[in-house]
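Undergrad: coordinates only, no sequence provided:
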């Protein structure tokens, strides 16, 4: 798990020469704190070359991105299948190559949304100096939710909350509001809010299911991570069939 006892990871903390090769600067949202890009990690994983790169095995940022890649593998396969069926495996100009490019573009958009390690979040009490990247914490919460029978976890977002927010957050946030992040993508120390999407076989009523997921996530936050989670939003976004697939074509 990608934890750090420092006050957040310093920018450019990768070793010299770890930065991504290329003919131009990568997009900001493609660049990991270690200097690699999401595309680098994706291609190494997809081509089976991870074992050839010692950096990836020891880098918490690449490891967190890889964890997200594995979670999203079902999304990617589904996107390829749906796009091929919708367009007849061709692109707007009628060529298979254009269709493949459209799928690749869609996949990278998913990657940018889901695979960034995200902000560095606080662990422990307010006076402690322990941190974890968002992707690693999200993986722990998804794993906890999936200990429930008939539950598959999807997107997970973790947002810092400001104890001085008064009623700005409204009832949905319990009176908390998100503060401005610190420089370098590090969240201020304090409580957080979790939003988790799940699919379920609906063997139990949705309110009961949501409460059970909240309990598992809260237990993981307190006992596994030591994270101060004050609000847990659970959204049931799909139904699992008997084969273990989602009705919406989201295999896991």
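TA: Here it is on my side, so go on. The model shown is predicted, which means the values in this text are computed figures rather than measured ones.

Undergrad: domain assignment for the protein?
TA: Listed domain ranges for the chain are 3-114, 133-239 (source: automatic domain parsing).

Undergrad: confidence-wise, which of these is weakest overall?
TA: Of all these, the minimum mean pLDDT falls on domain 3-114 (a mean of 60).

Undergrad: the stretch 151-252 of the chain: helices as residue ranges?
TA: Taking DSSP state H, counting those that start in this stretch, the helices of the stretch 151-252 of the chain run over residues 170-173, 206-219.

Undergrad: pick the most deeply packed of these.
TA: Among those, helix 206-219 has the highest mean neighbour count (mean count of other Cβ atoms under 10 Å), at a mean of 16. In this view, the C-beta of every residue, glycine as well, is placed from N, C-alpha and C.

Undergrad: packing partners for it?
TA: helix 134-145, strand 192-200, strand 229-239 (3 or more Cβ pairs under 8 Å, 6 or more residues apart in numbering; DSSP states H and E).

Undergrad: let's verify residue 45: helix, strand, or coil?
TA: Using DSSP: H, G, I helix; E, B strand; the rest coil, the secondary structure recorded for residue 45 is helix.

Undergrad: state the number of residues packed around the residue nearest to it when sequence neighbours are not counted.
TA: Spatial nearest neighbour of residue 45, excluding adjacent residues (Cβ to Cβ, 6 or more residues apart in numbering): residue 69 at 5.7 Å. Per other Cβ atoms under 10 Å, the neighbour tally for residue 69 reads 18.

Undergrad: these two touch, right, residue 69 and residue 42?
TA: Yes: under the contact definition of Cβ atoms under 8 Å, residue 69 touches residue 42, with a separation of 6.5 Å.

Undergrad: contact partners for the residue lying closest to residue 139 once chain neighbours are set aside?
TA: Nearest non-adjacent residue to residue 139, counting by Cβ to Cβ, 6+ apart: residue 67, 4.8 Å away. Residue 67 makes contact with 135-136, 139 under the criterion Cβ atoms under 8 Å, 6 or more residues apart in numbering.

Undergrad: what helix or strand does residue 67 sit in?
TA: helix 60-87 (DSSP states H and E).

Undergrad: sorry, back to before: quick one: the residue nearest to residue 139 from residue 130, how far?
TA: As judged by Cβ to Cβ, to the nearest Å, residue 67 and residue 130 stand 19 Å apart.

Undergrad: enumerate the beta-bridge partners assigned to residue 197.
TA: Bridge pairing for residue 197 (DSSP bridges) gives the partners residue 235.

Undergrad: the nearest residue to residue 142 once chain neighbours are set aside - how many residues pack around it?
TA: Nearest residue to residue 142, sequence neighbours excluded (Cβ to Cβ, 6+ apart): residue 153, at 3.7 Å. Counted by other Cβ under 10 Å, the residues lying close to residue 153 total 24.

Undergrad: show me what contacts the closest residue to residue 189 other than its chain neighbours?
TA: Nearest non-adjacent residue to residue 189, counting by Cβ to Cβ, 6+ apart: residue 122, 4.3 Å away. Residue 122 makes contact with 128, 130-131, 160, 187-190, 192, 227-228, according to Cβ under 8 Å, 6+ apart.

Undergrad: doesn't residue 122 fall inside a strand?
TA: Yes: Residue 122: assigned to a strand according to three-state DSSP.
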